[in-house]
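# One predicted model, sequence on top.
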Amino acid sequence: MRRLPDTRQEPTIEHVAKAAGVSIRTVSRVLNQSPKVNADTRQRVQDAIDALHFRPSQRARALAMGRTFLLGLVHNDRNALVLDAVQRAIVAMTAARGYELIVHPTPADPQGAIADVLGFAERARVDGVIVMPPISTIEGLAHALDDAKLPAVAISSIPIEGFAGVIWSREREAGGQVADYLLHLGHRRLGIVNGPADGISAGERRAGFMEAVARDGRGDVVEAPGDYDFASGVAGAHNLLDLPQPPTAIFAANDIMGAGVLKAAAARGIAVPEQLSVVGFDGSLLTPMLTPSLTSMMRPVDIMAGVAANRLIDLIEGKEGAPVADPSFRLIVADSSGPAPD
């Protein structure tokens with residue numbers, strides 16, 4: 001490598017080119033990961049970049065490539081615990097690959113959601129979007145994004161079509177695993193505090209739970225409505241525990257409602273897990289903070305989000321990318337669950 005230029009100003013692409021003994025165009029190709037540069041030249045340029053501590057202008061890079069290096073995250077999720085995990089995972093991936101994230105809450109109204117998402121994408125000039133449920137299941141959205149030539153990757157609790165990539169979380173199977181676990185512990189009178197009645201993910205969790213109990217044939221289920229919030233968890237638990245034959249185990253369709261069930265049990269002087277087992281869903285940061293710690297079905301939202309971001313960037317950059325595997329759920333057993341009482 002040639003002698004480094006003596007400069008007291010911020011190093012530029014011209015300085016890199018001079019130090020490496022190549023043209024500015026060659027440096028630009030290396031920065032943009034062009035395959036047109038041979039390995040020796042690429043290494044020489046990279047050595048100059050490292051020696052000069054050169055940091056390319058993101059704005060100049062974006063203009064040269066016709067991109068903004070911005071990704072959009074479209075959601076309608078009120079669960080701050082889930083959103084925090086999702087955003088952290090995406091930011092870790094985008095930062096490593098030179099992109100930034102813009103988060104956009106979207107109304108779940110099918111009539112307005114498509115126009116809202118397209119309007120956001122146009123205003124923010126994002127290079128692509130990650131679409132979370134329930135927005136990802138809105139009919140017509142995938143095709144609208146495709147028509148707009150906007151790369152999009154979806155996360156969904158059910159199989160969907162039209163997106164360039166879909167990360168499918170098998171929540172029906174996970175709900176069934178919760179039921180199997182409680183039945184294995186000897187519980188025969190089971191309760192469930194459901195999520196929103198119109199929520200697809202809530203419906204999948206309930207369906208899996210109910211199907212597993214029916215398949216086993218040894219138990220019965222009593223239900224209470226919920227809305228994925230703490231108050232509905234408390235109210236749902238009281239509804240179930242007021243029954244002439246209350247359940248010995250309650251499945252709350254998310255961890256926040258699970259915390260509400262524990263609150264209701266404590267208010268009634270019901271010992272958990274000696275008299276009542278409680279299981280949540282999500283495996284969020286909340287579960288070990290509760291007393292007793294909450295057994296929960298771990299939904300790997302951070303892994304799903306990171307995979308979605310990586311897949312989206314590959315699409316934007318014209319890379320085929322590795323095949324995407326569906327994430328695995330696992331039950332995290334804690335202090336809130338145990339054998340059925342005698």
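Perfect, I can see it now.
# and stretch 241-250, how far apart are its ends?
End-to-end span of stretch 241-250 (CA to CA, to the nearest Å): 10 Å.
# which other residues reach that stretch?
Applying CB atoms under 8 Å, 6 or more residues apart in numbering, the contact partners of stretch 241-250 are 182, 185, 187-193, 222, 237, 240, 261, 264-265, 268, 270, 275-279, 337, 340-341. Bear in mind the C-beta positions are built from the backbone N, C-alpha and C, glycine included.
# Mind doing that once more with 7 Å?
For stretch 241-250, the external contacting residues (CB atoms under 7 Å, 6 or more residues apart in numbering) are 182, 187, 189-191, 193, 222, 237, 240, 261, 264, 268, 276-278, 340-341.
# Then stretch 34-44?
1, 20, 22, 26, 29, 30.
# Most neighbours among those, which one?
If you count neighbours using other CB atoms under 10 Å, the busiest of the contacts of stretch 34-44 is residue 20, which has 24 neighbours.
# Show the model's pLDDT score for it.
Per-residue confidence at residue 20 stands at 86 (pLDDT).
# Point me to the helix or strand that includes the nearest residue to it once chain neighbours are set aside.
Taking CB to CB, 6 or more residues apart in numbering as the measure, residue 20 lies nearest to residue 48, with 4.0 Å between them; neighbours along the chain are not counted. Assigning secondary structure by DSSP states H and E places residue 48 in helix 39-52.
# And for residue 307, the neighbour number?
23.
# From residue 50, how far off is it?
Here the criterion is CB to CB, to the nearest Å. By it, residue 307 lies 30 Å from residue 50.
# cool, residue 288 as well?
Going from residue 288 to residue 50 by CB to CB gives 42 Å.
# okay, those two: which has more neighbours?
With other CB under 10 Å as the criterion, residue 288 and residue 50 differ in neighbour count, and residue 288 comes out ahead with 13 against 9.
# what's the closest non-adjacent residue to that one?
Ranked by CB to CB, 6+ apart and with sequence neighbours excluded, the top spatial neighbour of residue 288 is residue 334, at 7.1 Å.
# Residue 338 too?
Across the structure, with CB to CB, 6+ apart as the measure, the residue nearest residue 338 apart from its sequence neighbours is residue 273 (3.6 Å).
# what does residue 260 give?
Nearest residue to residue 260, sequence neighbours excluded (CB to CB, 6+ apart): residue 233, at 2.3 Å.
# With adjacent residues omitted, what lies nearest to residue 193?
Using CB to CB, 6+ apart and skipping the chain neighbours, the partner closest in space to residue 193 is residue 236 (3.5 Å).
# which SSE is the one you found in?
Counting by DSSP H and E, the element that carries residue 236 is helix 230-241.
# which element follows that helix toward the C-terminus?
Sequence-wise, the next helix or strand beyond helix 230-241 is strand 249-252, with elements assigned using DSSP H and E.
# what pairs with that following strand, and is each one parallel or antiparallel?
Sheet neighbours of strand 249-252, with direction, are listed as strand 189-193 (parallel), strand 277-282 (parallel) (DSSP bridges).
# Can I get the ones you listed in CSV including mean pLDDT?
Compiled in CSV, the strands paired with strand 249-252 are given as follows (pLDDT from 0 to 100):
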stretch, mean pLDDT
strand 189-193, 98
strand 277-282, 98
